[in-house]
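# I need the structure of the sequence given here:
(one chain, ligands or ions: 1)
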Amino acid sequence: MDESRKISNDMPYEEFKKNGYELIDWIADYLKNIESEPVLTSVNPGEIKDKLNKQPPQKGEDLSKVYKDVDSIIMPGMTHWNHPNFNAYFNSSGSSPGILAELLSAAFNINGMLWKSCPSATELEEVTLNWLKQMLGLPENFFGIIYDGGSSSTLQAMAAARENIDGAEIRIKGATGRSDLNKLRIYTSEHGHSSIDKAAIILGVGIEGIRKIEVNENFEMIPKKLEEAIEEDAKNGWLPFFVTATVGTTSTTAIDPIRQIAEICNNYKIWLHVDGAHGGTAAILPEQKKIIDGIELADSFVVNPHKWMFCPIDLSAFYTKHPETLKRAFSHVAEYLKTEQDNSAINYMDYGIQLGRRFRSLKLWFVIRYFGVEKLQQIIREHLRLGKLFESYIDESEYFEKLAPTPLSTVCFRAVRQNYDEDQLNEFNEKLMNEINSTGKLYISHTKIDDKFTIRYVVSSLRTEVGHVLKAWELIQKKYLELI
Ligand SMILES: *Cc1c(COP(=O)(O)O)cnc(C)c1O
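Residues are numbered from 1 along each chain as shown. As a prediction, the model looks like this:
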């Protein structure tokens, strides 16, 4: 054991530098050689646990030993989200400037609950969210705050909307056991994200309080159906208070018509939340601003820079026109948290569940400054082009069919077989996807559309280039031919 450990509780200065440089070298090589790793591991459940010590070490160990175990134990169980052939789910690919910002954030280790608890964290959060607001073309009067994820953002939007119900005084009186309050009702399309359901469960709306609105042939919410549902519910004693429209649904990236939905919401005084967790990022392109047309009529909006803007997980940007309502839903200031700047600065703890808050804005700042808006636009534009390219392969192939339009860069498709019924097709496509994924060369995922097993190929990784798309297509065809 190093003698200096007796002097300092923390790692000594020289040792930190040595370990730090070594780790940076390791990370640089990892990113450089990431394509030589299988994107998806083939380990079985429990395999990683079995290799790890069951008891904590009684005496400290050198980090070099831990690093060795990263190579031999952790790496074999990794799914590499930064891999250029990670085309599953909605990818989150972290960039090098984002990684460095995370390191700095850990080094500062501040808690940004109050302005006073770290003025730079609060003010950098304000400024970077203003930058993002300008990049997306959001209205000037949108107030921004960083949460950990899209699910949190939607939950906090719903809580604010519940607080906003005229005369309900939920903050004071609660939402249960009240004869003076009708049953709460929320709306989203049949393709709305599961986090909306979760938020309804958490906030006492309950699964029965969730109404899913029909979609059209492009999987977009039908505004007329929404209006009919609201009318019908109001007549039957429900209290409609919250609608989520989605810009880029999780299955197919369908874009709900925000403007039309917003007009209905404004008529009935219902809070409109716009979920652009993945798809919202595309609005940094002038030619894609149309996807958030009408956003100025919405009450809140979420986009996740940790999904398609190359910030390491986690960073979700939430915006609302009604910061005072959000504050009413969440602010509860204990005596020991009062400061002399409470009236002159933002205390972000007042606008959400979290008291302790990480310095997340650093990574947004590093990423936007390093790439610049133009380069970020160029990358997103290329992703959209590559999505269309892959779509054209599907369209032109006799072995595959497309199951949804491709408004962004997610292609929904399946293999076709003559004389197969729907069940056989589902089975075949599931098998095909698993065979492809088990090669470790490509990771794709699935959804169900109208009971059809649907394979999704998503281009949104920082490192995906045209060559990767070509290779992916070759592999998909090869595996298909092997299976028939
Ligand atoms: C990913 C996603 C979410 C959830 O975001 P998290 O950050 O994973 O909580 C919500 N809505 C949509 C449309 C998404 O794509």
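
# Show me how far the lengthiest strand in the chain is from its chain's centre.
For the chain, the strand with the greatest residue count under DSSP state E is strand 238-246. Put simply, strand 238-246 sits 21 Å off its chain's centre (Cα atoms, centre = their mean, to the nearest Å).

# Tell me if it is near the ligand.
Yes. For a cut-off given as Cβ under 6 Å from any ligand atom, strand 238-246 has contacts with the ligand, namely T246. The way it works is simple: take the backbone N, C-alpha and C, and place the C-beta from them, glycine included.

# what sits against the nearest residue to Y420 once chain neighbours are set aside?
Once flanking residues are discounted, Y420 sits nearest to F428: 6.5 Å by Cβ to Cβ, 6 or more residues apart in numbering. Taking Cβ atoms under 8 Å, 6 or more residues apart in numbering, we find F428 in contact with A415, R417, Y420, L483.

# which element follows the lowest-mean-pLDDT helix or strand in the chain toward the C-terminus?
Per-element confidence for the chain was summarised using mean pLDDT, DSSP states H and E. The lowest value among helices and strands belongs to helix 170-173, with a mean of 92. As assigned by DSSP states H and E, the chain's next helix or strand after helix 170-173 is strand 183-189.

# Contact residues of the protein facing the ligand?
If contact is defined as Cβ under 6 Å from any ligand atom, the residues of the chain in contact with the ligand are 90, 149-151, 193, 195, 246, 248, 250, 275, 277-278, 304, 316.

# re earlier: helices or strands next to the longest strand of the chain in the packing?
Judged by 3 or more Cβ pairs under 8 Å, 6 or more residues apart in numbering; DSSP states H and E, strand 238-246 is in contact with helix 150-163, strand 183-189, helix 223-235, helix 258-267, strand 271-275.

# Report pLDDT for the residue nearest to Y420.
Note for F428: predicted pLDDT of 98.

# Now do the SS call for it.
Going by DSSP: H, G, I helix; E, B strand; the rest coil, the secondary structure assigned to F428 is helix.

# likewise the one 5 residues further on?
When the structure is split into helix, strand and coil by three-state DSSP, M433 lands in helix.

# Please identify the most buried of the helices and strands packed on strand 238-246.
strand 271-275 (a mean of 27; mean count of other Cβ atoms under 10 Å).

# Just give me how far that one sits from the chain centre.
Put simply, strand 271-275 sits 16 Å off its chain's centre (Cα atoms, centre = their mean).

# After that strand, which helix or strand is next?
Toward the C-terminus, strand 271-275 is succeeded by strand 300-303 as the next helix or strand (DSSP H and E).

# which outside residues touch that next one?
Contacts for strand 300-303 (Cβ under 8 Å, 6+ apart): 132, 136, 138, 142, 150, 153-154, 157, 160-161, 271-277, 280-281, 283, 292, 295, 316-322.

# From the contact counts, what lies against the helix or strand that that strand is followed by?
Scanning forward in sequence from strand 300-303 by DSSP H and E, the next helix or strand is helix 305-308. Where contact means 3+ Cβ pairs under 8 Å, 6+ apart, helix 305-308 is packed against strand 316-320, helix 361-396.

# Check which residues of helix 305-308 are buried.
By neighbour count, with 16 or more other Cβ atoms under 10 Å as the criterion, the buried positions of helix 305-308 are P305, H306, K307, W308.

# Then stretch 459-469?
Judged by neighbour count (16+ other Cβ under 10 Å), stretch 459-469 contains these buried residues: V459, S460, S461, L462, R463, T464, H468, V469.

# first vs last residue of it, how far apart are they?
One end of stretch 459-469 sits 8 Å from the other (Cα to Cα, to the nearest Å).

# and if you look at stretch 350-362?
Across stretch 350-362, the terminal residues are separated by 21 Å (Cα to Cα).

# Could I get the buried residue list for it?
Within stretch 350-362, the residues scored as buried using 16+ other Cβ under 10 Å are D350, Y351, G352, Q354, R357, R358, F359, R360, S361, L362.

# ok, residues contacting that stretch?
For stretch 350-362, with Cβ under 8 Å, 6+ apart as the criterion, the contacting residues are 101-102, 104-105, 108, 110-113, 118, 121, 124-125, 127-129, 145-148, 152, 155-156, 314-315, 323, 326-327, 330-331, 333, 348-349.

# Point out where this protein drops to low pLDDT.
For the chain, the stretches flagged by pLDDT under 70 are 1-7.

# domains for it, by residue range?
Residue ranges for each domain of the chain read 1-32, 111-358, as given by automatic domain parsing.

# next one: the longest one to chain centre, how far?
Going back to what we said before, that points to domain 111-358. With Cα atoms, centre = their mean as the basis, domain 111-358 stands 14 Å off its chain's centre.

# can you check the shortest one too?
The offset between the C-alpha centroid of domain 1-32 and the centroid of the whole chain comes to 32 Å, using Cα atoms, centre = their mean.

# rewinding a little: closest one to T406 among the helices and strands packed on strand 238-246?
Comparing the helices and strands packed on strand 238-246 by their distance to T406 (Cβ to Cβ), the top pick is strand 183-189, with 18.2 Å.

# picking that back up, now for the buried residues of stretch 459-469: which two are most distant?
When Cβ to Cβ is used, the two most widely separated members of the buried residues of stretch 459-469 are L462 and V469, lying 14.4 Å apart.

# Run a quick neighbour tally on whichever residue of the stretch 201-350 of the chain sits closest to the ligand.
Closest to the ligand within the stretch 201-350 of the chain is A277: 3.5 Å, counting by Cβ to the nearest ligand atom. Neighbour count for A277, taken as other Cβ atoms under 10 Å: 26.

# Please tell me I have it right and it contacts A317.
No. The pair A277 and A317 fails to qualify as a contact (Cβ atoms under 8 Å) at a distance of 9.8 Å.

# Thank you kindly, that will do.
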